[in-house]
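Trainee: What follows is a predicted protein model with its sequence.
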Amino acid sequence: MSNDIIEHEVLTLSNSAAIQSAAVMEQWGNNEVYNEERWVERARQAARKTLEGMFELGRALIVLKEHTEHGRFRDIAETELGLHYRETARLMNATKRFATPQMQKAAPKLMDLGKSKLLELLVEEDDTLAELADGGELNGHTLDDVDRMTIKELRNTLRTAREDTEAARKVSADKDAKINRLTEQLEKQKTAKTKEPDAADVGSHITMVLASTEVAARSQISRIKPLFEELVAHGEAGGFNHRPVMVGCLNQLIADIEQLRGLFDLPDEVPQDDIEPEWMQGRE
């Protein structure tokens, strides 16, 4: 294909794009010359007004709900406002959540995420959202990360965070329950003026609790690998660098372990000549 033909096709495409742009700007852009930065800012302001309107609607719903019977309020929401009852509940909840001083401070940055993401994030605690808006992280993701996510990706991230939190709470609750049972047994023996609990049994029990806690911790750590794999794949596909987040995660875990090692003055290797604990000596 000759250069003349190529130049003609490029010119034709350019003219076509210019004509299309002019038509769009005439209908929707007040005949202005297109400028991306200007229209991104207008879109951002429009989105913020939409969110402000959402909170204004939430305030109106709260007032209506407090002054009408249940059936009448639902009828107003659905018939006169076109809102499903579940949606009215989410709007009122969002409005109440952002009425506190802590959330009002975080609101400007969170509102930039848009209505859908903002409503998804309301499953988190106020402290978590305030920290995210202040430069912190949510399950390893910054506010910029959340901004780049799709709604589906954000929903999956929040679900994973809840599952991790629930798993950690369960492990902690199981451990606390075992310790409480041991403490209760010891207290009962003291009250009844019975003999001291066998030191070997106490030591064995605590060792079992430690082993259970270790297994639970390793199980949680094993969940990091597939998340790292997802970050690597996401970074390769979209040109993002997630290595700082990944390194920060590992460094924090290592720092926590090293803090325990230093606190109890433990060596790096298991000593081969350690004597038996006193509570194990003399057992048949």
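Mentor: Nice, thanks for sending it over. Numbering: from 1, shown residues only.
Trainee: give me the low-pLDDT residue ranges for the stretch 101-250 of the chain?
Mentor: 165-166, 168, 189-197 (pLDDT under 70).
Trainee: Please enumerate the helices of the stretch 51-200 of the chain.
Mentor: 70-75, 85-97, 101-111, 115-121, 126-133, 143-148, 151-191, 199-222 (DSSP state H, counting those that start in this stretch).
Trainee: Nearest to Asn241, out of those?
Mentor: helix 143-148 (11.6 Å; CB to CB). All C-beta spots, glycine's among them, are computed from the backbone N, C-alpha and C.
Trainee: then that closest one to PDB, C-alphas only?
Mentor: C-alpha atoms of helix 143-148 as PDB (Å, rounded to 0.1, in the frame of the first residue of the first chain):
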ATOM      1  CA  LEU A 143      -8.200   4.200  48.700                       C
ATOM      2  CA  ASP A 144      -6.700   4.500  45.200                       C
ATOM      3  CA  ASP A 145      -6.800   0.700  44.800                       C
ATOM      4  CA  VAL A 146     -10.500   0.700  45.800                       C
ATOM      5  CA  ASP A 147     -11.100   3.600  43.300                       C
ATOM      6  CA  ARG A 148      -9.700   1.500  40.500                       C
END
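Trainee: so what does that helix touch, helix or strand wise?
Mentor: Contacts defined by 3 or more CB pairs under 8 Å, 6 or more residues apart in numbering; DSSP states H and E place helix 143-148 against helix 115-121, helix 126-133.
Trainee: How about residues contacting that helix?
Mentor: Under the criterion CB atoms under 8 Å, 6 or more residues apart in numbering, residues 109-110, 112-113, 117, 121, 132-133, 135, 138, 154, 157, 240 lie in contact with helix 143-148.
Trainee: and these, which are buried?
Mentor: Those of these that meet the buried threshold are Leu110, Asp112, Leu113, Lys117, Leu121, Leu132, Ala133, Leu138, Leu154, Thr157, by 16 or more other CB atoms under 10 Å.
Trainee: do you know how far the fourth one is from Leu61?
Mentor: It stands for Lys117. Using CB to CB, to the nearest Å, Lys117 is found at 21 Å from Leu61.
Trainee: now do the last one
Mentor: From Thr157 over to Leu61 the distance is 29 Å, taken as CB to CB.
Trainee: would you turn the contacts of helix 143-148 into TSV with distance to Pro267?
Mentor: Formatted as TSV, the contacts of helix 143-148 follow (distance: CB to CB, whole Å):
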residue	distance to Pro267
Lys109	47
Leu110	47
Asp112	51
Leu113	48
Lys117	48
Leu121	45
Leu132	40
Ala133	43
Gly135	38
Leu138	37
Leu154	45
Thr157	39
Phe240	40
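Trainee: now the helices and strands packed on helix 143-148 in a markdown table, with distance to Val24?
Mentor: Shown next, in a markdown table, are the helices and strands packed on helix 143-148 (distance: least, CB to CB, whole Å):
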| stretch | distance to Val24 |
| --- | --- |
| helix 115-121 | 25 |
| helix 126-133 | 35 |
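Trainee: quick one: which of those helices is nearest Gly203?
Mentor: Closest to Gly203 of those, according to CB to CB: helix 126-133, at 38.8 Å.
Trainee: Identify whichever of the helices and strands packed on helix 143-148 lies nearest to Val247.
Mentor: Val247 lies closest to helix 126-133 among the helices and strands packed on helix 143-148, at 20.4 Å (CB to CB).
Trainee: Can you name every helix or strand that the closest one contacts?
Mentor: With contacts defined as 3+ CB pairs under 8 Å, 6+ apart, the packing partners of helix 126-133 are helix 101-111, helix 143-148.
Trainee: How about residues contacting it?
Mentor: In contact with helix 126-133 (CB under 8 Å, 6+ apart) are residues 97, 100, 102-103, 105-107, 109-110, 121-122, 124, 137-138, 142-143, 146.
Trainee: got JSON lines for the helices of the stretch 51-200 of the chain, with distance to Asp265 too?
Mentor: Conversion of the helices of the stretch 51-200 of the chain to JSON lines gives the following (distance: least, CB to CB, whole Å):
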{"stretch": "helix 70-75", "distance to Asp265": "64"}
{"stretch": "helix 85-97", "distance to Asp265": "47"}
{"stretch": "helix 101-111", "distance to Asp265": "41"}
{"stretch": "helix 115-121", "distance to Asp265": "43"}
{"stretch": "helix 126-133", "distance to Asp265": "34"}
{"stretch": "helix 143-148", "distance to Asp265": "39"}
{"stretch": "helix 151-191", "distance to Asp265": "24"}
{"stretch": "helix 199-222", "distance to Asp265": "17"}
